[in-house]
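Visitor: Sequence and predicted structure below; questions after.
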Amino acid sequence: MTHLSGQRVAFLATDGFEDSELTSPWEAVTAAGATATMVAPDASEITGKKGHVQRVDLRAGAASAEDFDALVLPGGVVNADHLRLDRDSIGFARAFFEQHKPVGVICHGAWILIEAGVVDGRTITSYPSLATDLKNAGANWVDEEVVVDQGLVSSRTPDDLPAFNAKVVEEIGEGTHAGQTA
């Protein structure tokens, strides 16, 4: 299963990420042949809330969406809360929408998309506590295992990872989506 050979996928996170929401999609995209790159605001490594340590490959301020084919945003309350306050991380995430590239987001990761101003008019799911935030930002929030909206793949919790991973790999394989806009 190497249909993503040659594809580069950025993962954007910082300390406090939900471990499985980083490691499981990472394994899925690399098993499909893509190269995964860890992007973070400013660290040489980041630590998940359950202790997974991930080496950082690139700082968000030095990262360019032009160098990647897709973006994955793991959840975790602390992770998402810190990222949504980092201008470089927000700009990096927004650029994927401007370039019509696939984005996968799970759990609290949707906070980053709210800050990036890219959820208005989009159908999305997330951890249920974000429903009001997403609706207030103009999104159509639904409580479903996985939602795909023009290259934007979203899921609620680690329980949804099998469906999320399959759809993320599928959307990356399809390439850019004209409806994926900022």
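Guide: Nice, thanks for sending it over.

Visitor: can you tell me how far the spatially most central residue of the chain sits from H3?
Guide: What sits nearest the mean C-alpha location of the chain, by CA atoms, centre = their mean, is L73, with 2.2 Å. With distances taken as CB to CB, to the nearest Å, L73 is found 22 Å from H3. For the C-beta atoms, the positions are set from N, CA and C on the backbone; glycine is no exception.

Visitor: swap in W141?
Guide: According to CB to CB, W141 stands 31 Å off from H3.

Visitor: Of these two, which one has the most company?
Guide: Neighbour count, other CB atoms under 10 Å: between W141 and H3, W141 has more, with 23 against 12.

Visitor: got a pLDDT number for that one?
Guide: Reading off the confidence values, W141 has pLDDT 98.

Visitor: What values do phi and psi take at it?
Guide: When quoted as degrees, to the nearest 10, the phi and psi of W141 stand at phi -80, psi 130.

Visitor: Show the contacting residues for it.
Guide: Each residue near W141 by CB atoms under 8 Å, 6 or more residues apart in numbering is listed here: 124-126, 130-131, 134-135.

Visitor: which residues in this structure form helices?
Guide: Secondary structure of the chain (DSSP state H): helices located at 19-31, 77-83, 87-98, 110-116, 131-136, 161-174.
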